[in-house]
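Undergrad: Here is my input; please provide its structure:
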Amino acid sequence: MVHTLPDYTTKYKMATVFGNIDSGELAARLGSINTFDRRGDTIWMEDFNSPVLTWSQSEIGAGSAVVLTADEKFRGSQSVSLTAGPAARRYGMIKHGINPLRIGKLGLEISVRPSPFDSYIQISIDIDDAINHYVSILRYDTTDGTIDIWDGDPDWTSVPGAHRISPLFHSFSPFKFVIDTSTGKYVRAMLGRTQWDLSSYSMQSTALGPYQTCLIVIYNEAQGAAAATAYVDGVIVTQNEP
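TA: Predicted coordinates:
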């Protein structure tokens with residue numbers, strides 16, 4: 001309201017300050033991790049600021065590790081580091097099950113600081129709807145900035161175009177994709193400021209039941225002889241995406 005007037009006045013219009021603010025905007029200003037894309041309805045978030053990691057973790061190969069750390073962080077006091085040991089196919093991975101999601105357009109977003117050494121950073125949503133098992137995976141190749149998609153063949157398919165994100169200290173970038181379980185298709189992907197249309201790609205789908213589950217997986221795999229550490233700070237799951 002205009003200063004010096006009572007809160008209930010309508011005598012003067014407000015020029016720079018407004019009485020009401022969108023609740024999503026308010027949450028972002030107050031410290032929510034959901035500040036990048038903000039489309040869809042947020043149904044689950046993880047900021048990795050708990051004293052212990054509440055995800056299942058796997059480390060394959062000597063030198064691989066999954067650790068909560070204060071070495072790098074985007075928001076809060078720490079992130080989770082996924083280190084892949086110094087050889088191809090070694091990796092660090094975390095998994096977390098969440099409540100079954102509504103059928104429709106669903107999104108998964110992370111904030112990531114990739115390794116300066118060659119690796120794959122992979123995010124996925126596995127969904128069982130008591131009828132089918134859907135596997136949707138996106139993989140970012142730090143070597144050339146390309147995106148690979150796990151489609152219905154099943155196999156890795158390179159999506160045309162590339163965008164490299166910074167591996168420099170404290171430089172986190174958003175990595176997000178959206179799927180549509182009502183059609184069995186991918187919808188779109190975002191990496192940094194670049195967006196891809198994925199509507200021509202299908203998810204892998206197999207008949208499976210009888211449970212309804214959802215599993216989030218984040219994975220960092222080395223490509224060469226150098227150990228590669230990626231840092232993840234913030235995971236967001238959304239539904240009702242446009």
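
Undergrad: what's the spacing between the nearest residue to residue 55 once chain neighbours are set aside and residue 64?
TA: In this structure, residue 55 finds its nearest non-sequential neighbour in residue 94, 4.1 Å apart by CB to CB, 6 or more residues apart in numbering. Heads up, the C-betas are built off the backbone N, CA and C, glycines and all. Applying CB to CB, to the nearest Å, the value for residue 94 to residue 64 is 12 Å.

Undergrad: next helix or strand past the lowest-mean-pLDDT helix or strand in the chain?
TA: Least confident helix or strand, the chain: helix 23-29 with a mean of 70, by mean pLDDT, DSSP states H and E. Using DSSP states H and E, the helix or strand that follows helix 23-29 in sequence is strand 41-46.

Undergrad: contacts for the very next helix or strand once past that next one?
TA: Next helix or strand after strand 41-46 toward the C-terminus (DSSP H and E): strand 56-60. Strand 56-60 is contacted by residues 65, 66, 83, 85, 89, 90, 91, 92, 93, 94, 95, 96 when judged by CB atoms under 8 Å, 6 or more residues apart in numbering.

Undergrad: Give the pairing partners of strand 56-60; include direction for each.
TA: strand 91-98 (antiparallel) (DSSP bridges).

Undergrad: Please identify the buried residues of the partner strand?
TA: Neighbour counts over strand 91-98 (16 or more other CB atoms under 10 Å) mark 91, 92, 93, 94, 96 as buried.

Undergrad: Averaged pLDDT, that strand. What do you get?
TA: Per-residue pLDDT over strand 91-98 has a mean of 97.

Undergrad: give me the low-pLDDT residue ranges for this structure?
TA: Residue ranges of the chain with pLDDT under 70: 1-21, 24, 27-28, 30-31.

Undergrad: mind running it again at 90?
TA: 1-39, 75-76, 99-103, 128-133, 151-155, 169-170, 193, 205-213 (pLDDT under 90).

Undergrad: Tell me which residues of stretch 221-240 come out buried.
TA: 221-223, 227-239.

Undergrad: can you tell me which of these lies nearest to residue 207?
TA: residue 239 (23.5 Å; CB to CB).

Undergrad: check contacts around the closest one.
TA: Contacts of residue 239 (CB under 8 Å, 6+ apart): 40, 41, 43, 101, 102, 104, 105, 106, 107.

Undergrad: For it, list each beta-bridge partner.
TA: residue 41, residue 106.

Undergrad: quick one on the thing from earlier: any idea how far the residue nearest to residue 55 is from residue 79?
TA: According to CB to CB, residue 94 and residue 79 sit 12 Å apart.

Undergrad: And residue 155, by the same measure?
TA: Distance from residue 155 to residue 79, by CB to CB: 32 Å.

Undergrad: Many thanks, we can stop here.
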